[in-house]
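1. Return a 3D structure for these sequence lines:
(one chain, ligands or ions: 1)
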Amino acid sequence: MNATLRAACIVGWPVAHSRSPLIHNYWLKRYGIAGEYRREAVPPEQFAEFARSLAARGYAGANVTVPHKEAALKLSQPDERARAVGAANTLWLEGGALRSTNTDVEGFLDNLDACAPQWDRGLGKAVVLGAGGAARGVIYSLIGRGVGRITVVNRTRSRAEGLRQRFGDAVHPADWSDESVLADAGLVVNATVLGMAGQPELPLDVRQLPGHAVVAELVYVPLVTPLLRAARGRGLSTADGLGMLMYQAVGGFTLWFGRAPEVTAELRALLEADLTSAAD
Ligand code: NAP
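-> Predicted structure coming up:
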(Lines give C-alpha, C1' and ligand atoms only; values in the text may rest on other atoms or scores of the structure.)
Protein backbone atom coordinates (compact mmCIF):
# COMPACT_ATOMS: atom_id res chain seq x y z
CA MET A 1 0.00 0.00 0.00
CA ASN A 2 1.03 3.56 -0.71
CA ALA A 3 2.43 4.92 2.58
CA THR A 4 0.74 8.31 2.15
CA LEU A 5 -2.67 6.83 1.42
CA ARG A 6 -5.02 6.60 4.37
CA ALA A 7 -7.73 3.99 4.15
CA ALA A 8 -10.93 3.06 5.95
CA CYS A 9 -13.70 0.62 5.19
CA ILE A 10 -17.19 -0.54 5.99
CA VAL A 11 -17.22 -4.06 7.34
CA GLY A 12 -20.42 -6.09 7.30
CA TRP A 13 -21.98 -9.34 6.14
CA PRO A 14 -23.40 -8.67 3.62
CA VAL A 15 -22.05 -5.26 2.73
CA ALA A 16 -22.73 -4.78 -0.99
CA HIS A 17 -25.81 -2.62 -0.31
CA SER A 18 -23.94 -0.07 1.84
CA ARG A 19 -23.94 3.56 0.70
CA SER A 20 -21.07 4.49 3.05
CA PRO A 21 -18.40 4.18 0.29
CA LEU A 22 -20.31 6.76 -1.79
CA ILE A 23 -20.35 9.18 1.14
CA HIS A 24 -16.71 8.86 2.21
CA ASN A 25 -15.26 8.73 -1.28
CA TYR A 26 -17.27 11.87 -2.13
CA TRP A 27 -15.66 13.67 0.82
CA LEU A 28 -12.16 12.35 0.02
CA LYS A 29 -12.47 13.77 -3.48
CA ARG A 30 -14.05 17.03 -2.33
CA TYR A 31 -11.24 17.76 0.13
CA GLY A 32 -8.42 16.41 -2.08
CA ILE A 33 -7.37 13.83 0.53
CA ALA A 34 -5.22 10.93 -0.66
CA GLY A 35 -7.36 8.19 0.80
CA GLU A 36 -9.64 5.32 0.03
CA TYR A 37 -12.80 3.90 1.58
CA ARG A 38 -13.66 0.30 0.72
CA ARG A 39 -16.23 -2.40 1.37
CA GLU A 40 -15.11 -5.47 3.35
CA ALA A 41 -17.47 -8.45 3.39
CA VAL A 42 -16.47 -10.37 6.52
CA PRO A 43 -18.48 -13.31 7.93
CA PRO A 44 -19.13 -13.36 11.70
CA GLU A 45 -16.56 -16.07 12.45
CA GLN A 46 -13.81 -13.96 10.86
CA PHE A 47 -14.76 -10.59 12.33
CA ALA A 48 -12.58 -10.75 15.47
CA GLU A 49 -9.47 -11.52 13.44
CA PHE A 50 -10.36 -8.76 10.98
CA ALA A 51 -10.89 -6.16 13.72
CA ARG A 52 -7.60 -7.06 15.44
CA SER A 53 -5.67 -6.78 12.19
CA LEU A 54 -7.09 -3.44 10.99
CA ALA A 55 -3.70 -1.70 11.20
CA ALA A 56 -1.88 -4.57 9.49
CA ARG A 57 -4.42 -4.33 6.67
CA GLY A 58 -3.58 -0.65 6.26
CA TYR A 59 -6.73 0.76 7.79
CA ALA A 60 -6.96 3.80 10.06
CA GLY A 61 -10.38 2.58 11.11
CA ALA A 62 -13.72 1.23 9.94
CA ASN A 63 -17.45 1.53 9.99
CA VAL A 64 -19.18 -1.54 11.29
CA THR A 65 -22.59 -2.70 10.19
CA VAL A 66 -24.90 -5.69 10.65
CA PRO A 67 -24.19 -8.20 12.17
CA HIS A 68 -20.95 -7.02 13.78
CA LYS A 69 -21.91 -3.99 15.91
CA GLU A 70 -22.07 -5.85 19.24
CA ALA A 71 -18.88 -7.80 18.49
CA ALA A 72 -17.10 -4.54 17.60
CA LEU A 73 -18.03 -3.17 21.01
CA LYS A 74 -16.60 -6.20 22.82
CA LEU A 75 -13.36 -6.25 20.84
CA SER A 76 -12.53 -2.58 21.35
CA GLN A 77 -12.23 0.13 23.99
CA PRO A 78 -15.58 1.87 23.60
CA ASP A 79 -16.38 5.45 24.49
CA GLU A 80 -19.22 6.21 26.89
CA ARG A 81 -21.93 6.39 24.23
CA ALA A 82 -21.04 3.12 22.50
CA ARG A 83 -21.03 1.41 25.89
CA ALA A 84 -24.39 2.95 26.85
CA VAL A 85 -26.00 2.02 23.52
CA GLY A 86 -24.47 -1.46 23.57
CA ALA A 87 -23.21 -1.29 19.99
CA ALA A 88 -20.30 0.26 18.09
CA ASN A 89 -20.53 1.39 14.47
CA THR A 90 -17.17 3.15 14.18
CA LEU A 91 -13.67 1.88 14.98
CA TRP A 92 -10.40 3.76 14.99
CA LEU A 93 -6.85 3.21 16.10
CA GLU A 94 -5.47 5.43 18.84
CA GLY A 95 -1.97 4.91 20.16
CA GLY A 96 -2.07 1.23 19.25
CA ALA A 97 -5.49 0.70 20.88
CA LEU A 98 -8.65 -0.18 18.99
CA ARG A 99 -11.26 2.39 20.06
CA SER A 100 -14.95 2.54 19.21
CA THR A 101 -17.92 4.87 19.27
CA ASN A 102 -21.49 4.96 18.06
CA THR A 103 -22.03 7.79 15.58
CA ASP A 104 -25.72 6.93 15.05
CA VAL A 105 -26.25 9.04 18.17
CA GLU A 106 -25.01 12.31 16.67
CA GLY A 107 -26.29 11.26 13.22
CA PHE A 108 -29.81 11.07 14.55
CA LEU A 109 -29.61 14.34 16.50
CA ASP A 110 -27.74 16.41 13.89
CA ASN A 111 -30.23 15.39 11.22
CA LEU A 112 -33.18 16.21 13.43
CA ASP A 113 -31.64 19.59 14.31
CA ALA A 114 -31.10 20.31 10.60
CA CYS A 115 -34.59 19.24 9.48
CA ALA A 116 -36.72 20.40 12.39
CA PRO A 117 -34.84 23.08 14.35
CA GLN A 118 -36.07 23.39 17.94
CA TRP A 119 -37.81 20.02 17.75
CA ASP A 120 -36.92 19.54 21.42
CA ARG A 121 -38.25 22.89 22.63
CA GLY A 122 -41.00 22.16 25.12
CA LEU A 123 -41.10 18.54 24.01
CA GLY A 124 -43.13 16.62 26.54
CA LYS A 125 -43.11 13.14 25.10
CA ALA A 126 -41.41 11.20 22.32
CA VAL A 127 -42.54 7.86 20.92
CA VAL A 128 -39.89 5.45 19.66
CA LEU A 129 -41.08 2.54 17.53
CA GLY A 130 -38.68 -0.40 17.81
CA ALA A 131 -36.32 -1.75 20.46
CA GLY A 132 -33.32 -2.97 18.47
CA GLY A 133 -29.85 -1.48 18.14
CA ALA A 134 -31.01 1.64 16.30
CA ALA A 135 -33.73 2.30 18.87
CA ARG A 136 -31.13 2.12 21.66
CA GLY A 137 -29.10 4.84 19.91
CA VAL A 138 -32.22 6.98 19.50
CA ILE A 139 -33.26 6.61 23.13
CA TYR A 140 -29.76 7.44 24.37
CA SER A 141 -29.82 10.54 22.13
CA LEU A 142 -33.21 11.68 23.39
CA ILE A 143 -32.27 11.25 27.04
CA GLY A 144 -29.07 13.23 26.38
CA ARG A 145 -31.20 16.06 25.02
CA GLY A 146 -33.37 16.08 28.11
CA VAL A 147 -36.51 14.38 26.79
CA GLY A 148 -38.21 13.29 29.99
CA ARG A 149 -40.75 10.79 28.69
CA ILE A 150 -40.04 8.26 25.95
CA THR A 151 -42.73 5.75 25.08
CA VAL A 152 -41.26 2.66 23.41
CA VAL A 153 -43.55 0.53 21.25
CA ASN A 154 -42.14 -2.74 20.03
CA ARG A 155 -43.53 -5.97 18.58
CA THR A 156 -41.72 -7.93 21.29
CA ARG A 157 -42.75 -6.16 24.46
CA SER A 158 -40.03 -7.71 26.61
CA ARG A 159 -37.37 -5.94 24.52
CA ALA A 160 -39.03 -2.58 25.21
CA GLU A 161 -39.06 -3.44 28.90
CA GLY A 162 -35.37 -4.28 28.69
CA LEU A 163 -34.76 -0.72 27.47
CA ARG A 164 -36.37 0.68 30.62
CA GLN A 165 -33.89 -1.38 32.62
CA ARG A 166 -31.03 -0.13 30.46
CA PHE A 167 -31.96 3.56 30.27
CA GLY A 168 -34.14 4.13 33.33
CA ASP A 169 -37.53 5.57 34.22
CA ALA A 170 -37.79 7.96 31.26
CA VAL A 171 -38.60 4.88 29.13
CA HIS A 172 -42.22 3.69 29.13
CA PRO A 173 -42.99 0.48 27.22
CA ALA A 174 -46.36 0.40 25.44
CA ASP A 175 -48.18 -1.84 22.94
CA TRP A 176 -49.02 -1.30 19.26
CA SER A 177 -52.69 -1.73 20.19
CA ASP A 178 -52.57 1.29 22.52
CA GLU A 179 -53.57 4.05 20.09
CA SER A 180 -53.61 6.74 22.79
CA VAL A 181 -49.79 6.87 22.88
CA LEU A 182 -49.72 9.07 19.77
CA ALA A 183 -52.19 11.74 20.91
CA ASP A 184 -49.67 13.84 22.87
CA ALA A 185 -46.44 12.84 21.11
CA GLY A 186 -44.24 15.75 20.06
CA LEU A 187 -41.85 13.42 18.24
CA VAL A 188 -42.29 9.97 16.68
CA VAL A 189 -39.31 7.95 15.53
CA ASN A 190 -39.49 4.83 13.39
CA ALA A 191 -36.55 2.66 14.45
CA THR A 192 -38.06 -0.60 13.18
CA VAL A 193 -37.50 -2.18 9.78
CA LEU A 194 -41.17 -1.57 8.88
CA GLY A 195 -41.60 0.54 5.76
CA MET A 196 -38.30 -0.69 4.33
CA ALA A 197 -38.43 -2.16 0.81
CA GLY A 198 -39.57 -5.78 1.13
CA GLN A 199 -41.03 -5.27 4.63
CA PRO A 200 -44.63 -4.58 5.67
CA GLU A 201 -45.74 -0.98 6.14
CA LEU A 202 -45.64 0.57 9.58
CA PRO A 203 -49.15 0.41 11.05
CA LEU A 204 -49.30 4.02 12.24
CA ASP A 205 -52.06 6.52 11.51
CA VAL A 206 -50.47 9.98 11.44
CA ARG A 207 -53.91 11.57 11.91
CA GLN A 208 -53.64 10.57 15.57
CA LEU A 209 -50.61 12.84 16.06
CA PRO A 210 -50.88 16.45 17.21
CA GLY A 211 -50.32 19.09 14.50
CA HIS A 212 -46.94 20.14 15.96
CA ALA A 213 -45.50 16.60 15.97
CA VAL A 214 -42.20 15.87 14.22
CA VAL A 215 -41.78 12.51 12.48
CA ALA A 216 -38.28 11.01 12.18
CA GLU A 217 -37.66 7.98 9.98
CA LEU A 218 -34.55 5.79 10.12
CA VAL A 219 -35.36 3.67 7.07
CA TYR A 220 -33.85 5.12 3.88
CA VAL A 221 -34.72 2.44 1.29
CA PRO A 222 -37.08 3.69 -0.04
CA LEU A 223 -36.10 7.30 0.39
CA VAL A 224 -39.70 8.33 1.01
CA THR A 225 -41.35 5.67 3.15
CA PRO A 226 -45.14 5.43 3.51
CA LEU A 227 -44.73 6.99 6.98
CA LEU A 228 -42.87 10.02 5.63
CA ARG A 229 -45.34 10.43 2.78
CA ALA A 230 -48.30 10.36 5.17
CA ALA A 231 -46.62 12.74 7.64
CA ARG A 232 -45.75 15.25 4.92
CA GLY A 233 -49.27 14.92 3.53
CA ARG A 234 -50.50 16.06 6.94
CA GLY A 235 -48.10 18.96 6.97
CA LEU A 236 -45.89 17.60 9.77
CA SER A 237 -42.14 18.30 9.94
CA THR A 238 -40.05 15.27 9.04
CA ALA A 239 -36.45 14.03 9.16
CA ASP A 240 -35.54 11.15 6.87
CA GLY A 241 -33.22 8.17 7.18
CA LEU A 242 -30.87 9.35 4.43
CA GLY A 243 -30.17 12.52 6.40
CA MET A 244 -29.22 10.46 9.44
CA LEU A 245 -26.99 8.24 7.31
CA MET A 246 -25.05 11.27 6.05
CA TYR A 247 -24.67 12.88 9.47
CA GLN A 248 -23.58 9.65 11.17
CA ALA A 249 -20.70 9.41 8.69
CA VAL A 250 -19.15 12.72 9.76
CA GLY A 251 -17.56 11.38 12.96
CA GLY A 252 -15.74 8.46 11.35
CA PHE A 253 -14.38 10.56 8.50
CA THR A 254 -13.05 13.12 10.98
CA LEU A 255 -11.31 10.45 13.05
CA TRP A 256 -9.69 8.64 10.10
CA PHE A 257 -8.90 11.46 7.71
CA GLY A 258 -8.41 14.40 10.09
CA ARG A 259 -10.98 16.77 8.64
CA ALA A 260 -14.59 17.40 9.66
CA PRO A 261 -16.59 17.05 6.43
CA GLU A 262 -19.76 18.89 5.49
CA VAL A 263 -23.10 17.34 4.71
CA THR A 264 -23.93 19.13 1.46
CA ALA A 265 -26.87 19.27 -0.94
CA GLU A 266 -24.50 17.82 -3.55
CA LEU A 267 -23.81 14.75 -1.37
CA ARG A 268 -27.50 14.27 -0.78
CA ALA A 269 -28.24 14.49 -4.52
CA LEU A 270 -25.54 11.88 -5.22
CA LEU A 271 -27.08 9.46 -2.72
CA GLU A 272 -30.62 10.13 -3.87
CA ALA A 273 -29.61 9.39 -7.46
CA ASP A 274 -28.01 6.13 -6.36
CA LEU A 275 -31.04 5.07 -4.31
CA THR A 276 -33.41 5.98 -7.12
CA SER A 277 -31.43 4.10 -9.76
CA ALA A 278 -31.20 1.04 -7.49
CA ALA A 279 -35.00 1.08 -7.12
CA ASP A 280 -35.59 1.04 -10.92
P1 NAP B 1 -32.71 -4.59 14.69
O2 NAP B 1 -31.80 -4.46 15.86
O3 NAP B 1 -32.79 -5.86 13.93
O4 NAP B 1 -34.19 -4.19 15.18
C5 NAP B 1 -35.29 -4.34 14.31
C6 NAP B 1 -36.53 -3.73 14.94
O7 NAP B 1 -37.61 -3.86 14.00
C8 NAP B 1 -36.97 -4.44 16.22
O9 NAP B 1 -37.57 -3.50 17.07
C10 NAP B 1 -38.00 -5.43 15.68
O11 NAP B 1 -38.95 -5.83 16.64
C12 NAP B 1 -38.67 -4.60 14.62
N13 NAP B 1 -39.34 -5.44 13.62
C14 NAP B 1 -38.76 -6.25 12.71
N15 NAP B 1 -39.72 -6.86 11.97
C16 NAP B 1 -40.92 -6.42 12.44
C17 NAP B 1 -42.27 -6.69 12.10
N18 NAP B 1 -42.60 -7.53 11.10
N19 NAP B 1 -43.26 -6.06 12.80
C20 NAP B 1 -42.96 -5.21 13.81
N21 NAP B 1 -41.68 -4.91 14.17
C22 NAP B 1 -40.68 -5.51 13.50
O23 NAP B 1 -32.37 -3.48 13.58
P24 NAP B 1 -31.71 -2.04 13.84
O25 NAP B 1 -30.25 -2.14 13.62
O26 NAP B 1 -32.23 -1.51 15.11
O27 NAP B 1 -32.30 -1.21 12.60
C28 NAP B 1 -33.65 -0.76 12.57
C29 NAP B 1 -33.85 0.14 11.35
O30 NAP B 1 -33.07 1.33 11.47
C31 NAP B 1 -33.43 -0.52 10.03
O32 NAP B 1 -34.39 -0.16 9.05
C33 NAP B 1 -32.09 0.14 9.73
O34 NAP B 1 -31.81 0.19 8.34
C35 NAP B 1 -32.34 1.54 10.26
N36 NAP B 1 -31.10 2.29 10.58
C37 NAP B 1 -30.88 3.43 9.88
C38 NAP B 1 -29.76 4.18 10.17
C39 NAP B 1 -29.54 5.46 9.41
O40 NAP B 1 -28.42 5.99 9.46
N41 NAP B 1 -30.53 5.97 8.71
C42 NAP B 1 -28.86 3.77 11.16
C43 NAP B 1 -29.13 2.59 11.87
C44 NAP B 1 -30.26 1.85 11.56
P45 NAP B 1 -38.69 -7.14 17.55
O46 NAP B 1 -37.85 -6.68 18.71
O47 NAP B 1 -40.07 -7.56 17.95
O48 NAP B 1 -37.98 -8.15 16.68
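2. Identify the residues contacting the residue of the stretch 101-250 of the chain found nearest the ligand.
-> In the stretch 101-250 of the chain, the residue that lies nearest the ligand is residue 132 (2.1 Å; Cβ to the nearest ligand atom). For every residue, glycine as well, the C-beta is placed using N, CA and C. Contacts for residue 132 (Cβ atoms under 8 Å, 6 or more residues apart in numbering) come out as 159, 191-192.
3. Next one: it, what pLDDT does it get?
-> On pLDDT, residue 132 comes in at 95.
4. how close does it get to residue 174?
-> 17 Å (Cβ to Cβ, to the nearest Å).
5. Now do the buried residues in the longest helix seen in the chain.
-> Longest among the helix segments of the chain by residue count, using DSSP state H, is helix 241-257. Neighbour counts over helix 241-257 (16 or more other Cβ atoms under 10 Å) mark 241-253, 255-257 as buried.
6. Please state the offset of whichever strand or helix holds residue 277 from the chain centre?
-> Using DSSP states H and E, residue 277 sits within helix 265-279. Counting by Cα atoms, centre = their mean, to the nearest Å, helix 265-279 is centred 18 Å from the centre of its parent chain.
7. Could you check the angle that helix makes with helix 241-257?
-> Inter-element angle recorded for helix 265-279 and helix 241-257: 120 degrees (by axes from the mean of the first three to the mean of the last three Cα atoms, to 10 degrees).
8. Residue numbering should commence at 54 henceforth.
-> OK, 54 is where the count begins now, so the last one is helix 318-332.
9. quick one: contacts of helix 318-332?
-> By Cβ under 8 Å, 6+ apart, the list of residues contacting helix 318-332 reads 72, 75-76, 79-80, 250, 273-276, 295-296, 298-299.
10. Among those residues, which pair sits farthest apart?
-> Taking Cβ to Cβ, the two most distant members of the contacts of helix 318-332 are 80 and 250; they sit 26.5 Å apart.
11. between the two, which one's more packed in?
-> Neighbour tally, residue 80 and residue 250, criterion other Cβ atoms under 10 Å: the higher count belongs to residue 80, 23 against 11.
12. which ones are touching that one?
-> Neighbouring residues of residue 80 by Cβ under 8 Å, 6+ apart: 86, 306, 310, 314, 320.
13. Of those residues, which is the nearest to residue 129?
-> Of all the contacts of residue 80, residue 129 sits closest to residue 306, with 18.4 Å by Cβ to Cβ.
14. Against the ligand, how distant is the closest one?
-> 14 Å (Cβ to the nearest ligand atom, to the nearest Å).
15. Work out for me the element the nearest residue to that residue once chain neighbours are set aside sits within.
-> Distance criterion Cβ to Cβ, 6 or more residues apart in numbering; nearest residue to residue 306, sequence neighbours excluded, is residue 314 at 5.0 Å. Per DSSP H and E: residue 314 is located in neither a helix nor a strand.
16. Count the residues that sit near residue 314.
-> For residue 314, the count of nearby residues is 21 (other Cβ under 10 Å).
17. List the contacts of stretch 89-108.
-> Applying Cβ under 8 Å, 6+ apart, the contact partners of stretch 89-108 are 58-69, 71, 73-74, 77-78, 81, 110, 114-115, 120-121, 124-125, 128-129, 144, 146, 151.
18. Can you flag which of the residues you listed belong to helices?
-> Reading helices off the contacts of stretch 89-108 with DSSP H, I get 73-74, 77-78, 81, 124-125, 128.
19. which of these count as buried?
-> Buried members of the ones in helices among the contacts of stretch 89-108, scored by 16+ other Cβ under 10 Å, are 73-74, 77, 81, 124-125, 128.
20. tell me the two of those residues that are most distant?
-> Between any two of these, the greatest separation by Cβ to Cβ is 27.2 Å, found for 81 and 124.
21. Nearest spatial neighbour of residue 121, chain-adjacent residues omitted?
-> Per Cβ to Cβ, 6+ apart, closest to residue 121 is residue 100, 5.0 Å.
22. Right, I'll leave it there.
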